Every structure is written in structure tokens, then in C-alpha cells.
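[1] I would like the atomic coordinates for the input below:
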Amino acid sequence: MSSNDNDHRGLLPAGLADLLPPDAAREARAIDLAIERFAAFGYERVKPPLVEFEESLLGGPGAALSQQTFRLMDPVSQRMMGVRPDMTVQVARIAVTRLKHEPRPLRLSYGGNVIRVRGSALKPERQFAQVGTELIGVDSAEADAEAVLLAVDTLRAIGVSDLSVDLNLPTLVAAVAGGVNQPEEAMSRLRRALDRKDEGGIAKAGADKKAADLFAGLLRAAGPADKGLAQLAKLELPEAAAAEAARLAEVVKLVAAAEEGLPLTIDPVEYRGLEYQTGVSFSVFALKGREELARGGRYSAGYPEDGVSESATGFTVYMDAVLAASAAPPERPRLYVGLGTPWADCAPWQSKGYAVVRAVVAAPDPRAEAKRLRCSHALIDGDAVPL
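    Now for the predicted structure:
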């Protein structure tokens, strides 16, 4: 290895990557567009720290991400801290502490990077950018629908136009299970069969026919929202489960009224990955791909273990997935200007959309130098000459 061969320093841990031009600029622009759409609907931005004390970061809904959190000792306080694996829990903390006296509903937005201990098979990245909103201090179908509609609006503003929304009720299965009197072992087998989407397994779980038919009916409700809700309406759900199903139907009605033609599906038995959600939840996908672009739903903001909790809903947009699903905008043309060009002379060209690349060393051939610096134009005799 030669003395100046240091390519090994470019190696990064698995799941971490440098974002290079033009992708870094695309991500920054997309984040700005998202934050602007949030602001247009009254969401005010907050900026939580990258690390904070472990008991704050992992309290309440943050407990679900405990295994994904990097930890370190604060050399100043000698207390354990965590690096944020998600920003929702931080915004919830701000709402119930620093902003607890602000009027509700409280609308907050955020944007930043998070890092997790490990990726997944479908999403191997461990560090990625999140932007999102939280609507805190109200529990209504209108609030649930606002989260869905704002997520769709934001993704379209960024450049993903053909979208679909899948709505879930992650607490519905537990509500149904709590309302039917079945042996524990039979109920465990029923839950496993639901996880596998295995209707045959439901029939063989050992539950009585009424309970088995009820769980099979939940499974059959997955699909287009109108058909799924009609299927749910036919079932004799326990009271708590029926209330949840009615709430889902109300949210679907509100979203469909605002976004006629938006494909809506429901999956009332899906709860994996939604462990801290407490009500209507949703994921947004691009029709041309099945990668999740945004996820959100209802949860309890705060620290129930301390008796501090508020109902909230919101969503997170995953910027890496969004950029992969959207077309890259045209790159700004780059104009090379020769050595000695007055600084003030750059502004008129910049107002026309050019990125002005100023020479800082003399170049005998301006055209060749402009091409070397990846410029599309060179300023020659007062004109922007295409190369």
C-alpha cells in the first residue's frame, strides 16, 4: 500500500453510508418541502437533541425501541444516555414537559437523522432521515384523518404522486380476544394463525366455532377499505372491538371524502411493528412499489408510568424511501466564470437559475476547465455558452 492510499478510511460500518451529490441536496430539498407543507397546516417545528437521558428517551412509547437504541455514558453527569432511534418519542416528551401549558391540540413538526442498533432485511440502513408531525392532546376521527391526509399531501409535494394508504387497528385483535372466553392455549394458537394470515390454522386452533368464525372474519376483512368495512360490520364484535371498528370506518369516510380516488385498504389484524400504537394507524405506499414511504397512527404521548399521558396521532416520512420512489429533479446548470470575475456579477446569473462556479486559479482554456469542473456552461464574452 502506498503512503497516500487511504481508501480504507472511506469504509463505514454496515448500515451507514455517506450521502453524496446530488442525493444529499435532494434529501435536504425534500425535507424543506415537507416542513413547509407542515407549516402551511399550522404545525410548528421543534428540534430535539441527538442524545438525551435514557429514562426520558425510553419511557412511555420509547420503551418499544429499547433494543434499537445505542447507549453511552455521559462523562459530565455520569448518567446513561441514548442516541435517538426515533424522533416521535422526543417530540412527545417536549409536548408533555416544555410545552405542557400550551393550548391543545398541539401541532408540532420535526426533521432530523436517527440511528438504530440494527437494520432489517427489507431496510438494512441503520441511520436515516425522518420528518413528521405530531397532533397532541385530542382523540378524534378528524385528527386521525388529518394525519393521513397531511402525509399524502406532503408526499405529493415532494414528488410522489401515485399513492395508496393501508389502515390498521393494531389493538383490535387484543380487544376481540379480551371479549371472547377462550382457553389460553387456544387463544395463543389463534393469534399465531392471525400473524401468519392462516385461516386454516384458525379453524384448527382449538377455539369454539363462534370465536374461530369471528377471528376468520377479521382475517377476511383485509383488503379494499369499502369491502373490508362491510365485512367488519357483519361481525358480532365485543363492545370495545366494535367501537374501534366504528372509529376506523369514520376515519376511512373522512379520508375518502377529502381524497376521492385515493386507494384505501385496511388490515385489521396487523399489529407487528405497531407495538406502541393505541388506535387507528396507517402506512403510505407508492403504487409503483411496495416500500413504505410513511407510517403513523394514534399513540399515548408522555409517560404513563408517571401518570403523564396525552392521546396523540402523527406520522413519520422515511426520506430514503421517498427519494427512491420519486424522480430526481433536473440538476441546476453550472456556469463557470473566469478568474477575477467580480463577486457582484454572479448574482444576475444566479437569479436566472445558474450555480456559479468561480475560478480561483488561472486556467488557459476556460472551456476545458469548465468541463473538468462538471459545468454545463462557461461565461465567455459576457454570455453563458453551453458546453
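
[2] any idea how far Pro21 is from Arg334?
    According to CB to CB, to the nearest Å, Pro21 stands 11 Å off from Arg334. To be clear about C-beta, it is placed using only N, CA and C from the backbone, and glycine gets the same treatment.

[3] out of those two, which sits in the busier spot?
    Shown here are Pro21 and Arg334; by other CB atoms under 10 Å, Arg334 has more neighbours (17 against 9).

[4] close enough to count as contact, the more buried one and Ala378?
    No. In this structure, Arg334 is not within contact of Ala378 by CB atoms under 8 Å, at 9.6 Å.

[5] give me the common contacts of those two.
    Shared contacts of Arg334 and Ala378, defined by CB atoms under 8 Å, 6 or more residues apart in numbering, are absent.

[6] wait, isn't Thr69 in contact with Val117?
    Yes. Thr69 lies in contact with Val117 (CB under 8 Å); the separation is 6.8 Å.

[7] just for this structure, where's the confidence low?
    Flagging of the chain using pLDDT under 70 yields the residue ranges 1-5, 272-275.

[8] quick one: contacts for Leu122?
    Counting by CB under 8 Å, 6+ apart, Leu122 makes contact with Glu291.

[9] next, show the common contact partners of Thr69 and Val117.
    Joint contacts of Thr69 and Val117 (CB under 8 Å, 6+ apart) are Pro85.

[10] who's more crowded, the two?
    Comparing Thr69 with Val117 by other CB under 10 Å, the one with more neighbours is Thr69, at 20 against 15.

[11] any idea how far that one is from Arg126?
    In terms of CB to CB, Thr69 sits 12 Å off from Arg126.

[12] what is in contact with those two at once?
    In contact with both Thr69 and Arg126: 116-117, using CB under 8 Å, 6+ apart.

[13] skipping its backbone neighbours, what lies nearest Ala256 in space?
    In this structure, Ala256 finds its nearest non-sequential neighbour in Leu264, 6.3 Å apart by CB to CB, 6 or more residues apart in numbering.

[14] and the helix or strand encompassing Ala129, how far from the chain's centre?
    Ala129 belongs to strand 127-136 when elements are defined using DSSP states H and E. Computed by CA atoms, centre = their mean, to the nearest Å, the separation of strand 127-136 from the middle of its chain amounts to 6 Å.

[15] just stretch 196-215 next, same as before
    Centre-to-centre, stretch 196-215 and its host chain are 34 Å apart (CA atoms, centre = their mean).

[16] again, but for stretch 237-246
    So, by CA atoms, centre = their mean, the centroid of stretch 237-246 is 28 Å from its chain's centroid.

[17] quick check: buried residues in it?
    The neighbour-count check on stretch 237-246 (16 or more other CB atoms under 10 Å) flags 237-238, 241-242, 244-245 as buried.

[18] ditto for stretch 32-50
    33-35, 37-38, 43, 46, 48.

[19] contacts for it?
    83-84, 87, 90-91, 93-94, 107-113, 131, 133, 146, 150, 153-154, 157-158, 317.

[20] how close does the residue found closest to Pro263 once you drop the neighbours it is linked to in the chain sit to Ser283?
    Excluding its sequence neighbours, the residue lying closest to Pro263 (CB to CB, 6+ apart) is Ser164, at 3.9 Å. Relative to Ser283, Ser164 is positioned 9 Å away (CB to CB).
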